[in-house]
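Enquirer: Pasting the sequence and the predicted coordinates here, then a few questions.
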Amino acid sequence: MAQRQALVWPPVYDEKNRRIKGFYPWIVRNKKVGPLLDSIREQSSHPEVTRVSIRAVIPMAVLVQMVNRNMGGIHIEAAFPISHIISGCWVAYLSYNKPQRASNEGLRSIVSISRKRSDPMAREELERQTTQYKIMQIKEMNDETAEKFSVLFASMFDVYPVDINPSAIREMPQGHIVMAAYEGEELTAVFMADRASFNLEYRTPLTFFDFVNVVSKKDGLLLVPLMARHVVEIANQDINPIIYAEARADVPGLQICCIRAGMQNCGTLAASSLFKDKGDDQAAFRDTKVWFIPNFIS
């Protein structure tokens, strides 16, 4: 399902989502701002591309200057701190959307969501309310499990940003963290965290865990945050872990799950990924909200 093992530069084209994505391999100090923006503009000239999204590590002082600067349609959509690894630096999403790919935000705010059943929940409380389920890490993906995962995703989505067929799920790169929740023999929920790593400026190792492929057919407001806690424990054993989530902005339940898992919102990616839910007339690019784990900040 998740095809990547390493964050890439130069960026690559994602045909399904009509976007170019990448991770800038240098810290964006003042002299690097111009080359980075020029690269984003160059990538946006691709005739089939309607979105360019580049993540980069940026010192706070430079980030503030960029936020207050007219960058010709390039926006900083989200940012979260990684001072526990690189002093004073943040990971920022710099993005450019062509006019035909507009945001579909127009949604209830995080503030209003947070007033409804969305305080962080202790792991013990989540476990107390989900005793009927067995949660396990899937360390080796066999044909039967891949088929069950694929069926569960396909029951919810006609179009999903990444491939959800059994073959793609079986071929996930090693290092991804996969959790499953069962009620008896029935698969109830799946939580997949992409793992991607690279050396910033070819010397500082960073390991990113992206909570991006999540589905639950019942009790998701309890199971998903509990599975997230399991994943965080595993990810924290890696080298310089950076843990975040990209959750569809038009699904309030996902935002509640992120808050219950102890995450904080740090921005919204406009029309970033292609979805078609069961019952929808057509596929559409959906906004996603970015969340991060604040307790990794020293």
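Expert: Great, that's in hand. It should be emphasised that the depicted structure is a prediction, and the values quoted were computed from it without experimental measurement. Residues are numbered from 1 along each chain as shown.

Enquirer: isn't R260 right next to P225, touching?
Expert: Yes - contact criterion Cβ atoms under 8 Å: R260 and P225 qualify, at 3.9 Å. In this view, the C-beta of every residue, glycine as well, is placed from N, C-alpha and C.

Enquirer: And this structure, split by domain according to the record?
Expert: Following the assignment in automatic domain parsing, the chain carries domains at 12-97, 110-296.

Enquirer: so which of the ones you listed comes closest to S103?
Expert: Across the domains of the chain, S103 has its closest neighbour in domain 110-296 (3.7 Å, Cβ to Cβ).

Enquirer: I'd like to check which residues are in contact with the residue positioned nearest the centre of the chain.
Expert: Residue closest to the average C-alpha location in the chain (Cα atoms, centre = their mean): E246, at 3.1 Å. The neighbours of E246, taking Cβ atoms under 8 Å, 6 or more residues apart in numbering as the test, are 210-212, 269, 272-273, 288-291.

Enquirer: Including pLDDT and neighbour count, could the residues you listed go into CSV?
Expert: Shown next, in CSV, are the contacts of E246 (pLDDT from 0 to 100; neighbours: other Cβ atoms under 10 Å):
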residue, pLDDT, neighbour count
D210, 96, 19
F211, 95, 28
V212, 87, 18
L269, 95, 22
S272, 96, 27
S273, 96, 22
T288, 94, 26
K289, 94, 26
V290, 95, 25
W291, 95, 28
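
Enquirer: Just the element for the residue nearest to the centre of the chain, please.
Expert: With secondary structure defined by DSSP states H and E, E246 is part of strand 241-248.

Enquirer: for whatever helix or strand comes next after that strand, packing partners?
Expert: Later in the chain than strand 241-248, the nearest helix or strand by DSSP H and E is helix 252-260. Secondary-structure packing of helix 252-260 (3 or more Cβ pairs under 8 Å, 6 or more residues apart in numbering; DSSP states H and E): helix 110-114, helix 220-235, strand 241-248, strand 284-292.

Enquirer: Tell me how far the longest one lies from the chain's centre.
Expert: The one in question is helix 220-235. Per Cα atoms, centre = their mean, to the nearest Å, the displacement of helix 220-235 from the mean C-alpha position of its chain is 14 Å.

Enquirer: list the buried ones in it?
Expert: Going by neighbour count (16 or more other Cβ atoms under 10 Å), the buried part of helix 220-235 is 220-232, 235.

Enquirer: okay, among these, which ones form the most distant pair?
Expert: Farthest apart among these by Cβ to Cβ are L221 and A235. That separation is 21.9 Å.

Enquirer: Going by residue numbers, what spans are helices in this structure?
Expert: For the chain, applying DSSP state H gives helices covering 30-44, 60-67, 110-114, 123-128, 143-156, 166-170, 220-235, 252-260.

Enquirer: Make a markdown table out of the ones you listed and add mean pLDDT and distance to Y24.
Expert: Listed next are the helices of the chain as a markdown table, based on pLDDT from 0 to 100; distance: least, Cβ to Cβ, whole Å:
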| stretch | mean pLDDT | distance to Y24 |
| --- | --- | --- |
| helix 30-44 | 96 | 6 |
| helix 60-67 | 96 | 13 |
| helix 110-114 | 39 | 27 |
| helix 123-128 | 95 | 35 |
| helix 143-156 | 97 | 31 |
| helix 166-170 | 94 | 28 |
| helix 220-235 | 97 | 23 |
| helix 252-260 | 93 | 26 |
